[in-house]
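A.B. asks: Any chance you can model this:
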Amino acid sequence: MGLFDKIFGKKEDKIQSYEAFWNWFSANEQTFYKVVKTGKNIEADFFNKLSPKLEELKDGFFYLTGMYDDNTAELVFTPDGVLKNIVFVEELVSSAPKIPNWKFTALKPALDIENVGIKMADYTFDSNNLSFYAIEHNNYPDEVDIVLAHNDYKEDDKSTIINGTYLFLDNYLGELNSVTTIDNLTVISKDQAEKELMPIEKLKDYLIWREKEFLEKYDGVRYNTENDSYSSLEATLKNGLPLVAIINSTLLDWDSKASHPWILKVEMKFDGSKNNGMPDNNTYEQLNNFEDEIMAELKDFEGYLNICRQTADSERIVYFACKDFRKPSKLLHNLKKKHSDKLDLSYDLYKDKYWQSFERFRPN
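C.D. replies: Numbers count the residues shown, from 1 in each chain. Below you'll find the model as predicted:
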């Protein structure tokens with residue numbers, strides 16, 4: 001150790017891998033265990049040390065802790081409902097070493113209904129004051145549209161009740177199922193119900209049945225875009241700048257859209273100020289090469305379909321419909337790091353089982 005290391009302390013290496021994180025955690029686990037066991041100063045003595053290390057690894061990690069039993073501390077990692085971060089939480093926990101007296105869990109686990117009770121502000125969320133019914137759509141038969149009623153619903157406290165309801169579902173269904181099995185959720189008061197309300201404890205079985213039906217219907221469905229037709233769309237934005245879009249028009253008429261319910265949205269910003277919001281030749285080639293790089297990994301016949309791209313106002317947006325969300329999440333995270341010095345990239349993933357967000361690209 002050099003003189004400056006002795007004086008100022010040796011600077012720790014930044015955590016850049018799961019292994020490095022767990023090495024750090026293992027070196028401190030006994031101290032952390034005592035903090036969780038006593039339940040004192042958890043924020044200051046555990047979370048304030050854990051949080052910056054996770055942030056070094058990747059943003060988007062959240063966590064909960066408590067005693068799993070008398071001798072085992074549990075640390076639950078969660079993406080807090082952000083779809084694109086689920087895979088990283090799962091990988092972090094799957095890479096965890098065996099540490100005595102510790103249990104590591106990826107995503108909030110499902111609980112029995114009698115063990116779920118959430119209190120938020122002046123409201124309680126449990127099996128005594130929640131019920132539901134499902135809405136069926138003839139045009140969208142695979143859409144899982146749930147209406148959930150709270151006995152004490154007040155419009156003035158709508159946001160609190162909605163947040164509490166989502167938190168209840170995370171704990172009752174488990175975070176993964178809560179995020180992936182419900183396509184649309186509406187929260188109402190009991191007197192707003194338009195169908196017979198069912199006890200909330202029946203929701204889990206209902207969703208399992210709907211998911212089983214869905215998998216049986218679409219398992220193995222793949223698509224090859226080789227012979228598809230494409231159309232172009234030109235429009236003018238409110239600010240007067242042009243918009244140009246290229247759409248796979250054959251795909252928009254596909255009758256199995258629901259088999260690819262996860263939409264990847266990739267945004268690439270560039271300087272188009274001197275070209276009416278459009279890329280110059282060099283930028284155009286750079287954007288196309290990046291899109292090709294994505295498509296080299298997200299192949300159509302493996303379940304990843306390039307639906308369209310639009311360019312306007314110094315931004316290109318590319319959309320893919322995906323069979324799953326984990327591979328696109330990892331790919332775009334890695335590509336964003338790879339091209340951080342060349343491209344201004346961002347991406348997101350959302351569920352749109354019938355691609356309704358693309359109806360705007362159909363000709364009038």
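A.B. asks: Please, where are all the helices along the stretch 101-250 of the chain?
C.D. replies: 158-173, 175-180, 203-218, 249-252 (DSSP state H, counting those that start in this stretch).
A.B. asks: Put together TSV for those helices, with distance to Asp122, mean neighbour count and mean pLDDT on each row.
C.D. replies: Where you see a C-beta, it was placed from the backbone N, CA and C, and this is true even at glycine. Listed next are these as TSV, based on distance: least, Cβ to Cβ, whole Å; neighbours: other Cβ atoms under 10 Å; pLDDT from 0 to 100:
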stretch	distance to Asp122	mean neighbour count	mean pLDDT
helix 158-173	8	19	97
helix 175-180	24	20	96
helix 203-218	24	14	96
helix 249-252	47	18	96
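A.B. asks: mind giving me a markdown table with these and columns for distance to Thr105?
C.D. replies: A markdown table is the format used below for the helices of the stretch 101-250 of the chain (distance: least, Cβ to Cβ, whole Å):
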| stretch | distance to Thr105 |
| --- | --- |
| helix 158-173 | 13 |
| helix 175-180 | 10 |
| helix 203-218 | 19 |
| helix 249-252 | 39 |
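A.B. asks: nearest to Ile15, of these?
C.D. replies: helix 175-180 (24.1 Å; Cβ to Cβ).
A.B. asks: how much distance is there from the closest one to the middle of the chain?
C.D. replies: Its chain's C-alpha centre lies 10 Å from the corresponding centre of helix 175-180 when counted by Cα atoms, centre = their mean, to the nearest Å.
A.B. asks: Contacts for it, please.
C.D. replies: The contact list for helix 175-180 (Cβ atoms under 8 Å, 6 or more residues apart in numbering) reads 78-79, 81, 83, 86, 107-110, 166, 169-170, 172, 207, 351.
A.B. asks: what do you get for stretch 27-44?
C.D. replies: Against stretch 27-44 from outside (Cβ under 8 Å, 6+ apart): 25, 45-46, 49-50, 65-67, 73, 99, 101-102.
A.B. asks: re earlier: out of the contacts of helix 175-180, which is nearest to Phe358?
C.D. replies: Using Cβ to Cβ, the contacts of helix 175-180 come closest to Phe358 at Lys351, 13.6 Å.
A.B. asks: Can you report how many residues lie near the closest one?
C.D. replies: For Lys351, the tally of surrounding residues (other Cβ atoms under 10 Å) stands at 14.
A.B. asks: and if you look at the one 4 residues further on?
C.D. replies: Taking other Cβ under 10 Å as the neighbour definition, Trp355 ends up with a count of 20.
A.B. asks: Next: Gly303.
C.D. replies: Gly303: 19 neighbours (other Cβ under 10 Å).
A.B. asks: Which parts of this protein belong to which domain?
C.D. replies: Annotated domains of the chain cover 3-106, 113-218, 230-361 [automatic domain parsing].
A.B. asks: Redo the ones you listed as TSV? Include distance to Asn224.
C.D. replies: Output for the domains of the chain, formatted as TSV (distance: least, Cβ to Cβ, whole Å):
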stretch	distance to Asn224
domain 3-106	26
domain 113-218	16
domain 230-361	5
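A.B. asks: Confidence-wise, which of those domains is weakest overall?
C.D. replies: When the domains of the chain are compared by mean pLDDT, domain 3-106 comes last with a mean of 93.
A.B. asks: Report the distance from that domain to the chain centre.
C.D. replies: Using Cα atoms, centre = their mean, the offset of domain 3-106 from its chain centre is 21 Å.
A.B. asks: Please apply the same query to stretch 224-232.
C.D. replies: Counting by Cα atoms, centre = their mean, stretch 224-232 comes out at 29 Å from the chain centroid.
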